[in-house]
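Student: got a predicted model here, sequence first, then my questions.
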Amino acid sequence: MHEFSIMQSALDQALGEARKAGAVRVHEIRLRIGALSGVVPEALQFAFEALTQDTCAEGAVLAIEEVPARFWCAKCGREFVSRNLYAECPDCGTPSGELRAGREMELCSMEVDRE
Amino acid sequence: MCEDCGCGLTGGIPVTVSAHSHAGHGEHEHGHAHGHEHAHDHGHEHTHDAGAEAHQTLNLRHAILEKNDLLAERNRGFFRARRLLVLNVLSSPGSGKTTLVGETIRRLGRRLKTGVIVGDLATDNDARRLRETGAPVVQITTGTVCHLDAEMVARAVKQLDLTGLGLLIIENVGNLVCPASYDLGEDLRVVMLSVTEGEDKPLKYPPMFHLANAVVISKVDLAGPCDFNRDAATANIRHIAPHARLFEVSSKAGTGMDDWCDYLIKQHEAAKARDPLGA
């Protein structure tokens, strides 16, 4: 359950930015989470509800964009999306050593109200 | 959640670090940095005009684990300056991490002097076992935290006698999920899979196996009684981690240990040769 500490990190950053911008209320926080990040979006949602209580983000929406694992196939000269997280090109079967997307754990943006 | 202040254990997780087998009992170093400072600029749209639209979108694009990643890079720079090869050894509980680490230290002997940082939720049993090899060992007890992070490692390294060391092995908390997210500043991630665990572990835990530089199949002396299907296991590892070096070892019977130790010596030579200020 490291999602709790990861959600707390994201929330600390988000609330810090909200304060700097003079925001009094947070309506939505958007994250991007990769398929190979090792983080489960449902567990983040659960942690978010618990951790936002009594903060200016209580009741806010947590929007998570799930980023699929995308590898580069050197032989075919193109990227492929891996649904089963296998690193092999679905067309030619060549193993890829180059992950181009899928490890993301990002705080992207948020919707706030200022005073 | 931290029992002292009720915070969510980010910024710095309270852990005890004990360099000696008798130390650390009942201690609880309370080392959270409640990291709310953000000295750098993120350039979000931001106006202070009176009467401006109250609703605002803040564009941030932060890496959530930015703080850990930065600390990990600081560790990496420190290790490189000391010409250390650093391993992060990961597996589920009971795969034989401590036995492999102990046997590796014994076999490398004077050829490559080794120190260990070992993480567990509780007890210093692993550190005591490993100290029997004569190697310097620091135990990190994480309490309820399921992984090591870069800050814990930075604190533990300060207590480790690095004199003459060429190899630092960080034995992570036994867990195939959470430690995958935390860079510690290591050179190589070594993920272990014992023959008693089933051949499909790599397919069940892809983030961990994907990040492996080396995969060690352990306890191969038990492959027969466990009906371990070697071909299926290696095929599964190749699906997820085609780039990883594969080793098949028995720490007890000694099978494969020469190959494994030769690999570490070669990796150490490469680590020693690189420019500490280079990429």
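Tutor: Alright, I've got the coordinates. Numbering: from 1, shown residues only, chains lettered A, B, ... in the order given.

Student: isn't B:Glu197 right next to B:Gly174, touching?
Tutor: No. Applying C-beta atoms under 8 Å as the test, B:Glu197 and B:Gly174 come out as separate, 11.6 Å apart. From N, CA and C alone the C-beta is placed, and that goes for glycine too.

Student: joint contacts of these two?
Tutor: Counting by C-beta atoms under 8 Å, 6 or more residues apart in numbering or on different chains, the contacts common to B:Glu197 and B:Gly174 are B:92, B:95.

Student: and residue 56, how many neighbours?
Tutor: Chain wasn't specified; assuming chain A. If you count neighbours by other C-beta atoms under 10 Å in any protein chain shown, A:Cys56 ends up with 16.

Student: try chain B instead
Tutor: 19.

Student: just the buried residues of the helix or strand harbouring it, please?
Tutor: Element membership for B:Gln56 (DSSP states H and E) is strand B:55-63. The neighbour-count check on strand B:55-63 (16 or more other C-beta atoms under 10 Å in any protein chain shown) flags B:56, B:58, B:60, B:62-63 as buried.

Student: who touches that strand?
Tutor: Outside strand B:55-63, the residues that reach it (C-beta under 8 Å, 6+ apart) are A:10, A:13-14, A:17-18, A:21, A:23, A:105-114, B:42, B:44-46, B:69.

Student: which ones among these map onto strands?
Tutor: Counting by DSSP state E, the contacts of strand B:55-63 place A:23, A:105-114 in strands.

Student: let me have those in a markdown table, extended by distance to chain B, pLDDT and neighbour count.
Tutor: Output for these, formatted as a markdown table (distance: C-beta to the nearest C-beta, whole Å; pLDDT from 0 to 100; neighbours: other C-beta atoms under 10 Å in any protein chain shown):
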| residue | distance to chain B | pLDDT | neighbour count |
| --- | --- | --- | --- |
| A:Ala23 | 7 | 96 | 24 |
| A:Met105 | 5 | 96 | 23 |
| A:Glu106 | 6 | 97 | 21 |
| A:Leu107 | 4 | 97 | 23 |
| A:Cys108 | 6 | 97 | 17 |
| A:Ser109 | 5 | 97 | 20 |
| A:Met110 | 5 | 97 | 27 |
| A:Glu111 | 6 | 97 | 18 |
| A:Val112 | 5 | 97 | 25 |
| A:Asp113 | 5 | 96 | 16 |
| A:Arg114 | 5 | 91 | 17 |
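
Student: pull the CA atoms of stretch B:266-279 into PDB?
Tutor: Extracted in PDB, the C-alpha atoms of stretch B:266-279 (Å, rounded to 0.1, in the frame of the first residue of the first chain):
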ATOM      1  CA  LYS B 266      33.200  -7.300 -14.100                       C
ATOM      2  CA  GLN B 267      30.500  -4.800 -13.300                       C
ATOM      3  CA  HIS B 268      32.700  -3.400 -10.500                       C
ATOM      4  CA  GLU B 269      35.600  -3.000 -12.900                       C
ATOM      5  CA  ALA B 270      33.300  -1.000 -15.200                       C
ATOM      6  CA  ALA B 271      32.100   1.100 -12.300                       C
ATOM      7  CA  LYS B 272      35.700   1.800 -11.200                       C
ATOM      8  CA  ALA B 273      36.700   2.800 -14.700                       C
ATOM      9  CA  ARG B 274      33.900   5.400 -15.300                       C
ATOM     10  CA  ASP B 275      34.400   9.100 -14.800                       C
ATOM     11  CA  PRO B 276      32.600  10.000 -11.600                       C
ATOM     12  CA  LEU B 277      31.600  13.300 -13.100                       C
ATOM     13  CA  GLY B 278      30.400  11.800 -16.400                       C
ATOM     14  CA  ALA B 279      26.900  10.700 -17.300                       C
END
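
Student: how far off centre is it?
Tutor: 20 Å (C-alpha atoms, centre = their mean, to the nearest Å).

Student: for that stretch, buried residues please.
Tutor: Those would be B:267-268, B:271, for stretch B:266-279 by 16+ other C-beta under 10 Å.

Student: which regions of chain A sit below the pLDDT cut-off?
Tutor: A:1 (pLDDT under 70).

Student: tell me the one among the buried residues of stretch B:266-279 nearest to B:Ala223.
Tutor: B:Gln267 (26.4 Å; C-beta to C-beta).

Student: so that closest one touches B:Leu188, yeah?
Tutor: Yes. Between B:Gln267 and B:Leu188 there is a contact under C-beta under 8 Å: 6.6 Å.

Student: so what sits against both of the two?
Tutor: Contacts common to B:Gln267 and B:Leu188, judged by C-beta under 8 Å, 6+ apart, are B:Leu85.
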